[in-house]
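Visitor: okay, here's the prediction I keep looking at, along with the sequence it came from:
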Amino acid sequence: MSFKKIAKRGIQHLAATFGQHTRSHKEPQLLTLMYHRILPKQDPRTHLEEPGMIVSPETFKMHMSLVKQYFEILPLSLWIKRKQNGEMLPAHCCAITFDDGWADNYEFAYPILQELNIPATIFLVSDMIDTDQLFWPERLAHILTDIALTCPEQWEHPDLAWLTDNKFNYTFTTAPPDQDQLSEIINSAKALRDEEIHRRINKIETELQLKNKPHPSLLSWQQMSEMCTSGLIEAGGHTCHHIRLNTGQDETTLEQEIIQCKSQIEAQLGQTVDTFCYPNGDYSPRAVELVKQHYQCAVTTNKGWNTTSSDQYLLNRIGVHEDISYDKTAFLARLSGWL
């Protein structure tokens with residue numbers, strides 16, 4: 001093992017042993033965990049996803065077992081309601097959240113949550129639930145894989161210049177990008193506005209006559225309803241189309257994405273939606289203002305814990321994925337907020 005790995009492991013042990021989750025505090029503390037996908041390592045969907053999006057079912061179950069040892073677990077909305085009502089709050093509380101509404105949340109996460117009796121919030125992209133639509137990173141992953149495996153000569157096509165002209169440290173050949181390369185390409189593409197990314201991907205699929213062939217990757221309303229009826233799962237809003245709510249978005253788009261999302265979910269599930277999640281963690285002052293008018297709280301991707309004095313419309317979370325939380329020490333170190 002290299003010195004760098006030994007040093008990193010040493011820091012993980014320190015963080016796991018002396019981190020924030022092990023200490024007493026003057027104010028009640030809220031740790032909000034952020035998950036995306038729960039997928040087995042050999043699942044075909046894993047290979048077309050960024051590594052920072054995935055936790056295996058085995059690792060997820062280990063996470064939840066450890067969380068139960070260190071925290072009282074409450075639904076995010078309940079912690080907020082107790083705070084607003086001036087009720088007693090746990091000294092160390094944890095809220096489990098999932099972004100996007102992936103079908104694998106129902107397939108692999110929900111059975112574990114049931115087994116351990118752990119509540120969670122799933123933030124839904126309302127117009128995409130119960131459809132075969134894909135998020136643009138998924139579409140881009142399928143495009144890059146299809147071209148590499150079936151028609152690599154198309155890398156010279158002018159509609160691909162915006163990808164191949166950039167320095168992704170990846171050679172566009174007959175080998176599809178691996179997960180790390182895919183993550184780099186997706187992050188570089190985020191320099192463009194959502195509308196422009198979709199326009200360019202649409203053009204590639206049309207010009208190269210590529211067709212998406214995957215099965216639906218997102219939850220159905222029936223699956224979500226079943227989970228909500230159990231009392232363990234609550235739905236939160238995550239916009240209608242997963243559009244980033246950063247500065248520059250027009251007022252009409254902000255209102256549609258934030259307000260209609262809430263009304264659509266409530267109509268489908270018959271329950272009040274109190275929580276919101278900013279796509280990609282992006283928000284403008286106007287977006288936050290609109291969220292305040294229609295929800296009780298909102299979460300970001302900003303790393304850290306929360307207290308009763310935290311802004312409940314800009315709540316911190318700690319993101320978790322397989323590579324940084326693969327065993328007990330690594331997971332507890334991640335919870336500490338130090339790493």
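Guide: On my side now, so go ahead.

Visitor: which pLDDT value goes with the residue of the chain most remote from its centre?
Guide: For the chain, the largest distance from the centre (Cα atoms, centre = their mean) belongs to Glu153, which lies 34.6 Å off. pLDDT recorded at Glu153 is 86.

Visitor: and it, how far is that from Ala95?
Guide: Glu153 sits 50 Å away from Ala95, going by Cβ to Cβ, to the nearest Å. Placement of C-beta: from N, CA and C, glycine included.

Visitor: ok, now Thr173?
Guide: To Ala95, Thr173 is 44 Å away according to Cβ to Cβ.

Visitor: and those two? which has more neighbours close in?
Guide: Ala95 (27 against 9; other Cβ atoms under 10 Å).

Visitor: quick check: closest non-adjacent residue to that one.
Guide: Excluding the flanking residues, the one nearest Ala95 by Cβ to Cβ, 6 or more residues apart in numbering is Leu76, at 4.0 Å.

Visitor: what residues are up against the one you found?
Guide: Thr32, Ala95, Thr97, Thr121, Glu234, Gly236, Thr275, Cys297, Val299 (Cβ atoms under 8 Å, 6 or more residues apart in numbering).

Visitor: a markdown table please, covering those and showing distance to Leu290.
Guide: Shown next, in a markdown table, are the contacts of Leu76 (distance: Cβ to Cβ, whole Å):
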| residue | distance to Leu290 |
| --- | --- |
| Thr32 | 21 |
| Ala95 | 23 |
| Thr97 | 20 |
| Thr121 | 20 |
| Glu234 | 21 |
| Gly236 | 15 |
| Thr275 | 15 |
| Cys297 | 14 |
| Val299 | 16 |
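
Visitor: quick check: buried residues in stretch 90-110?
Guide: Residues of stretch 90-110 classed as buried by neighbour count (16 or more other Cβ atoms under 10 Å): 92-110.

Visitor: among these, which ones are in helices?
Guide: Among the buried residues of stretch 90-110, the members falling in helices (DSSP state H) are Ala103, Asp104, Tyr110.

Visitor: for the chain, which segments are assigned as strands?
Guide: 29-35, 37-38, 54-55, 72-73, 92-100, 120-124, 233-237, 275-277, 297-303, 306-307, 315-319 (DSSP state E).

Visitor: neighbours around Val320, how many?
Guide: By other Cβ under 10 Å, neighbour count at Val320 equals 21.

Visitor: Ala333 is in contact with that one, correct?
Guide: No: counting by Cβ atoms under 8 Å, Ala333 is not a contact partner of Val320; they are 11.4 Å apart.
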